[in-house]
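K.L.:
Generate coordinates for the sequence data below:
(chains A and B)
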Amino acid sequence: MSVTDIPAAERPVWHHRTLLGRLAIYAGWLGLVALFVWCWNIMTERTMWVFVYDAPHAAADLASRAWPPRWSYMDRLWQPLWDTINIATLGTLLGIVLAVPLAFLAASNTTPSRMILRPVALFCIVASRSINSLIWALLLVSILGPGILAGILAIGFRSVGFIGKLLYEAIEETDIAQIEAITATGATKAQILNYGIVPQVLPSFYGISVFRWDINIRESAILGLVGAGGIGAQLQASLNVLAWPQVTLIILVILATVVVSEWVSARVRHAII
Amino acid sequence: MLSVDKLTKVYKTGDKALTDVSFTVPKGQVVGLIGPSGAGKSTLIRCVNRLVEPTEGTVRLNDLDITRLRAGELRRARRRIGMIFQEYALVERLTVMENVLSGRLGYVPFWRSFTRRFPGEDIAKAFRLLDRVGLSAHADKRADALSGGQRQRVGIARALEQDPELLLVDEPTASLDPKTSRQIMRLIVEICRESGLPAIINIHDVVLAQQFADRIIGLQAGRVVFDGPATGLTEAVLTQIYGEEDWTAMRQAAAEDEAAEAEQRDEAKKMMRAL
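P.N.:
Reported below is the predicted structural model:
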């Protein structure tokens, strides 16, 4: 007997949701729309609409003043660009040096002390992650004075949390069987780390480091805004004197640098994994 | 000689994995440890080198009470106990040679192992073992480039690199096809015979166990329910260990498998001669 043989009235009925469930979903949508309208009203309470209506005109005006970029200004950009790349690279290295031991202390399978060292390491990682590198730079500039050193430290301190977190997760995901096998040979703890765990996390480690370097190139480009060296200082100076063609050039240079760093990090990750 | 006395293991969850397990393994004996999944086979052999801490009872290897050793002494004892694993448990991203040499980790100081500068005789021994298991051409390949059977051979070489006085073998054939399984079992047993090495082999394949082991210990729910020569595994005993099953048919199928394999080997030999 096939389905078509059953009279329509007797065929079993199936609904994805009950009637009550459907009504609840409609009510939910209605509530969301009401919430949006209410929020919109609050949000635009203090908007001056004359300026908003004027926006296309203002944008066109800015663009006309910013174009063409002032190519001759490039002479004064090479040095800060070099500084920016150095801040990113040295900051990443500093981050790695600090993050690797923290990651091994924080991973539940390698930590020497679950009660004390692990929470401390986790706290350091969270603290580093919760503060943006721009804020780190602000703090460090007021401690160390303006310059590249503050930038390197700011990038480094922010990277610790990122690298530490991803690395300790990679350590916790290692295959226990390989570690057990090395343990069974009578190896010491250091040897188990060296033979059983490190080979397993090495690809993730390279991937994470290169990825963070790529992010750091982008972040170090704006650190100059708060006085921590690099191309951001030039950006700040140009903005202050309303030299829009220079601003355009700087933005183009940052864009090009980021594209190149992205390409490099993609190539490196591809080569390792 | 290994003697296990009244070994009991209760996991933190309250599960009793082993209850009063006692047996001794004299030099050169190959023991097949059989039983259904969850009978405690893995726990038992892991209690011997204390990858799992036993709750009660003693394990003695040549009059050394392993259950009482402290960390440093335990490491020294583990050096003399080779272990072969179910899923090979090679360090996948290290080379075959590094994997075999990791059997010497207990004997060399950290810096030598870190810089991979092992003593000459360790390296010579590793090459000899790789040759013995038929992998000398693969020494510098990464372990994850090998097939299942080849990986298990590396696992065997790693265990033997330790100069063991005892082999613990945990389901060596569970991830291999029937033919490779038999080759691996034959290799392990041959090596044990050559050097009078005692071995405990966890194996859920009854037919393989009977074919290769001198003695069978049957575990059921953490207790020893059979201990005797392979020939003593009667229908009644198997039913007691595993429950009702058509054992005769299973044995016949396995015998056919083996006959076919023997025939193949003869064919291969003939062809080699013809060439």
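K.L.:
In contact with residue B:230, which residues?
P.N.:
Residues near residue B:230 by CB atoms under 8 Å, 6 or more residues apart in numbering or on different chains: B:32, B:209, B:210, B:211, B:213, B:214, B:215, B:216. Yep, even glycine has a C-beta here, placed from its N, CA and C like the rest.
K.L.:
Output the residues you listed as TSV; include the columns distance to residue A:34 and secondary structure.
P.N.:
Compiled in TSV, the contacts of residue B:230 are given as follows (distance: CB to CB, whole Å; DSSP: H, G, I helix; E, B strand; the rest coil):
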residue	distance to residue A:34	secondary structure
B:32	73	strand
B:209	72	helix
B:210	76	helix
B:211	76	helix
B:213	76	coil
B:214	81	coil
B:215	79	strand
B:216	75	strand
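K.L.:
Out of those residues, which comes closest to chain A?
P.N.:
Set against chain A, the nearest of the contacts of residue B:230 by CB to the nearest CB is residue B:32 (20.3 Å).
K.L.:
still on that earlier bit, who wins on neighbours among the contacts of residue B:230?
P.N.:
Greatest neighbour count in the contacts of residue B:230, by other CB atoms under 10 Å in any protein chain shown, goes to residue B:32: 27 neighbours.
K.L.:
which residues touch that one?
P.N.:
Residues in contact with residue B:32 (CB under 8 Å, 6+ apart) are B:201, B:203, B:209, B:210, B:212, B:213, B:215, B:216, B:217, B:230.
K.L.:
For it, which non-adjacent residue is closest in space?
P.N.:
Of all residues not flanking residue B:32 in the chain, residue B:213 sits nearest, at 3.1 Å (CB to CB, 6 or more residues apart in numbering or on different chains).
K.L.:
From residue B:153, how far out is that neighbour?
P.N.:
20 Å (CB to CB, to the nearest Å).
K.L.:
Can you tell me how far residue B:241 is from residue B:233?
P.N.:
For residue B:241, the distance to residue B:233 (CB to CB) stands at 9 Å.
K.L.:
for residue A:193, same thing?
P.N.:
According to CB to CB, residue A:193 and residue B:233 sit 44 Å apart.
K.L.:
Looking at these two, which one has more neighbours?
P.N.:
Using other CB under 10 Å as the criterion, residue A:193 and residue B:233 rank with residue B:233 on top: 22 against 18.
K.L.:
where's residue B:144 relative to chain A, distance?
P.N.:
According to CB to the nearest CB, to the nearest Å, residue B:144 and chain A sit 11 Å apart.
K.L.:
Same check on residue B:261?
P.N.:
Distance, residue B:261 to chain A, using CB to the nearest CB: 29 Å.
K.L.:
Can you give me the pLDDT of the residue nearest to that residue when sequence neighbours are not counted?
P.N.:
Spatially, and ignoring its direct neighbours in sequence, residue B:261 is nearest to residue B:179 (5.9 Å; CB to CB, 6+ apart). What the model reports for residue B:179 is a pLDDT of 86.
K.L.:
Number of residues surrounding residue B:179?
P.N.:
By the criterion of other CB under 10 Å, residue B:179 has 14 neighbours.
K.L.:
secondary structure element for it?
P.N.:
Assigned by DSSP states H and E, residue B:179 falls within helix B:178-195.
K.L.:
so after that helix, what's the next helix or strand?
P.N.:
Counting by DSSP H and E, the element after helix B:178-195 in chain order, helix or strand, is strand B:199-202.
K.L.:
Touching that next one from outside, list them.
P.N.:
B:2, B:25, B:29-33, B:41-42, B:44-45, B:48, B:166-172, B:185, B:188-189, B:192, B:209, B:212-213.
K.L.:
swap in stretch A:91-106?
P.N.:
Here stretch A:91-106 makes contact (CB under 8 Å, 6+ apart) with A:110-112, A:117-118, A:120-122, A:124-125, A:151-164, A:167-168, A:171, A:193, A:205, A:209, A:212-213, A:216, A:220.
K.L.:
Just the buried ones from these?
P.N.:
A:110-111, A:118, A:121-122, A:124-125, A:151-164, A:167-168, A:171, A:193, A:205, A:209, A:212-213, A:216, A:220 (16 or more other CB atoms under 10 Å in any protein chain shown).
K.L.:
Isn't residue B:100 up against residue B:159?
P.N.:
No. Residue B:100 is beyond contact range of residue B:159, at 9.6 Å (criterion: CB atoms under 8 Å).
K.L.:
Is residue B:224 in a helix, a strand, or coil?
P.N.:
Residue B:224 falls in the strand class when you classify it by DSSP: H, G, I helix; E, B strand; the rest coil.
K.L.:
measure it to residue A:84 for me?
P.N.:
Residue B:224 is 71 Å from residue A:84, by CB to CB.
K.L.:
Tell me the bridge partners for residue B:59.
P.N.:
residue B:4 (DSSP bridges).
K.L.:
got the contact list for it?
P.N.:
By CB under 8 Å, 6+ apart, the neighbours of residue B:59 are B:2, B:3, B:4, B:5, B:7, B:47, B:48, B:65, B:66, B:67.
K.L.:
cool, residue B:217 as well?
P.N.:
Applying CB under 8 Å, 6+ apart, we find residue B:217 in contact with B:23, B:31, B:32, B:33, B:34, B:224, B:226, B:227.
K.L.:
quick one: secondary structure of it?
P.N.:
The local conformation at residue B:217, judged by three-state DSSP, is strand.
K.L.:
any idea how far chain A is from it?
P.N.:
With CB to the nearest CB as the criterion, residue B:217 and chain A are 21 Å apart.
K.L.:
tell me the mean pLDDT over stretch A:15-23?
P.N.:
88.
K.L.:
which secondary structure element contains the residue nearest the centre of chain A?
P.N.:
The centroid of chain A falls nearest to residue A:215 when counting by CA atoms, centre = their mean (6.3 Å). If you go by DSSP H and E, residue A:215 is part of helix A:198-223.
K.L.:
Figure out how far stretch B:55-66 is from the centre of its chain.
P.N.:
Remark: stretch B:55-66 is offset 19 Å from the chain centroid, using CA atoms, centre = their mean, to the nearest Å.
K.L.:
what about it, start to end distance?
P.N.:
Length of stretch B:55-66, first residue to last, CA to CA, to the nearest Å: 13 Å.
K.L.:
May I see the buried residues of that stretch?
P.N.:
Across stretch B:55-66, burial judged by 16+ other CB under 10 Å covers B:57, B:59, B:60, B:61, B:66.
K.L.:
So which residues on the stretch 151-275 of chain B come close to chain A?
P.N.:
By the rule CB under 8 Å from any CB of the partner chain, the part of the stretch 151-275 of chain B lying against chain A is B:155, B:158, B:162, B:168.
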